[in-house]
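Colleague: Sequence below, structure please.
(chains A and B)
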Amino acid sequence: MAIVIQNFTKSYGDKLALPPFSCTLEAGEIVCLLGQSGCGKTTLLRLLLGLEAPTGGTASGLPDRISAVFQEDRLCPAFSAVTNVSLALGRQASRAEIVALLTELGLGDALTKPVRELSGGMQRRVAIARSLLCPADLYLMDEPFKGLDEDTRKVVMDTVLTRTRGKTLLLVTHDPEEAAYLGSRVVRM
Amino acid sequence: MALDLNLLLVTPVEVVRRLFTLVGENDFWQTLLFSFSRIVLGFALAFALGCLLGVLSGKWPLLETLLWPYVITIKTVPVASFIILSLIFFSARQLPTFISFLMVFPVIYSNVLEGIRSTDRELLEMAQVFKISWWRRLGYIYLPHLKPFLFSACSVALGMSWKSGVAAEVIGVASGSIGEKLYESKVYFITEDLLAWTVVIVLISVLFEKLFLRLMRAAFRRWEGR
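Modeller: Model (predicted):
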């Protein structure tokens, strides 16, 4: 089922955070949102996640199960990568599945370390793994590949493509090459 | 006129000597156990209830509003007033537990509530998006954030529980307590006893604080190492 966003807008007092935005996301489609900083990409994702109410407009066809990679990693710093991922999943994924995906993302040696001891790029991959293992029909990712080196980025992008196949993926990026690699439709804001 | 200076001031050597004599006496350990058990019980009850109500007040602001008059009263009314007032309702032997509880509870409660309130909004949003249950939020998001608040609160409250508990024993003259010994040393003007028992209180208070904080640190390490 397509997700139809019509004239979605958000303002804080006089400040317009998201100018009226309309877009249709077909089921199973990959869409990359491109735009300058401050144009409202993150705000749009927050509205779709239900973290804030829009000032105007509607979004229909939003599924119940939505997973996300936030602009920040949003990990519990004292706990390990495995614990962070399993915390979000409850009993929906086994430890073996979590370990397998984290290892695939190059975190095999850092499974049990507190995430605060991991590098920025490693923490980013933990956040991506958490999102990918969460069963969802819509994946919202806010600059998911930032802070990753070139080789790692390719591996992670391939994993994202494989794991979200058949699901709708809305991804925020500043990098047109990234959008091209993902073979996605580009929406400029 | 000759004046025995030992009545007013005793040397540290005499205090230490008296301390060693006390340790060898039969009722020293009984007295210590009497006060320790009652004061620590008061602290433990206040710790448990302060944590529970602090967390619940963070979740339901109405509870915080209901508890606010009580908390502000305890914080401002002198402990001596509470002790004398409580003697109407409690026996002198129960008094240290109640007073220790009364003084510690607001410290733990306020710190836990402050910790809950200042928990990282971004992590709470993450929990909302991934539909993490409240119990799991408590264990994995709130509890690690509460750690510094709990350590700071306990560090203050442990000393406070001993000071208020012993004050209650002195004013209530609880039979068989450290407070009674302090009271007797004041009545009979035995300054070396007064100072020796004061040293005992300081030592036991510091040792218990170190032990409790170490146990709490170990418990956190164990939980976070999962």
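
Colleague: Residues in a beta bridge with the closest residue to A:G40 other than its chain neighbours, which ones?
Modeller: In space, and not counting its chain neighbours, A:G40 is closest to A:L18: 3.5 Å by CB to CB, 6 or more residues apart in numbering or on different chains. (Each C-beta comes from the backbone N, C-alpha and C, glycine too.) Beta-bridge partners recorded for A:L18 (DSSP bridges): A:K10.

Colleague: Count residues in the vicinity of A:L18, would you?
Modeller: Neighbours of A:L18 under the rule other CB atoms under 10 Å in any protein chain shown: 23.

Colleague: quick one, what contacts it?
Modeller: By CB atoms under 8 Å, 6 or more residues apart in numbering or on different chains, the residues touching A:L18 are A:8-11, A:40, A:43-44, A:47, A:54.

Colleague: redo that, cut-off 6 Å
Modeller: Contact analysis of A:L18 by CB atoms under 6 Å, 6 or more residues apart in numbering or on different chains lists A:9-10, A:40, A:43-44.

Colleague: which stretch of helix or strand covers A:A68?
Modeller: Using DSSP states H and E, A:A68 maps to strand A:66-69.

Colleague: Show the buried residues in the contacts of A:L18.
Modeller: Buried members of these, scored by 16 or more other CB atoms under 10 Å in any protein chain shown, are A:9-10, A:40, A:43-44.

Colleague: Can you tell me which of the residues you listed is nearest chain B?
Modeller: A:T43 (13.5 Å; CB to the nearest CB).

Colleague: I'd like the mean pLDDT over the host helix or strand of that closest one, please.
Modeller: Here A:T43, judged by DSSP H and E, is contained in helix A:41-49. The predicted model gives helix A:41-49 an average pLDDT of 93.

Colleague: So, low pLDDT: which residues of chain A?
Modeller: Along chain A, the model assigns pLDDT under 70 to residues A:92.

Colleague: Please report how far the spatially most central residue of chain A lies from B:L123.
Modeller: The centroid of chain A falls nearest to A:M141 when counting by CA atoms, centre = their mean (1.9 Å). Here A:M141 is placed at a distance of 18 Å from B:L123 (CB to CB, to the nearest Å).

Colleague: ditto for B:E209
Modeller: 31 Å.

Colleague: So which of the two has more stuff around it?
Modeller: Between B:E209 and B:L123, counting by other CB under 10 Å, B:L123 is the more crowded of the two (21 against 18).

Colleague: So what's the predicted local confidence for that one?
Modeller: 96.

Colleague: Likewise for the one 5 residues further on?
Modeller: At B:Q128, the predicted lDDT confidence score is 94.

Colleague: helix or strand right after the helix holding A:T43?
Modeller: Next along from helix A:41-49, by DSSP H and E: strand A:56-60.

Colleague: buried sites along that following strand?
Modeller: A:57, A:59.

Colleague: And stretch A:72-92, by the same measure?
Modeller: For stretch A:72-92, by 16+ other CB under 10 Å, it's A:72-89.

Colleague: same question, stretch B:114-121
Modeller: Under 16+ other CB under 10 Å, the buried positions of stretch B:114-121 are B:115-116, B:119-120.

Colleague: Can you tell me how far B:L102 is from B:V166?
Modeller: Using CB to CB, B:L102 is found at 14 Å from B:V166.

Colleague: So for these two, which residue has more residues nearby?
Modeller: Neighbours per residue, other CB under 10 Å: of B:L102 and B:V166, the larger number sits with B:V166, 25 against 21.
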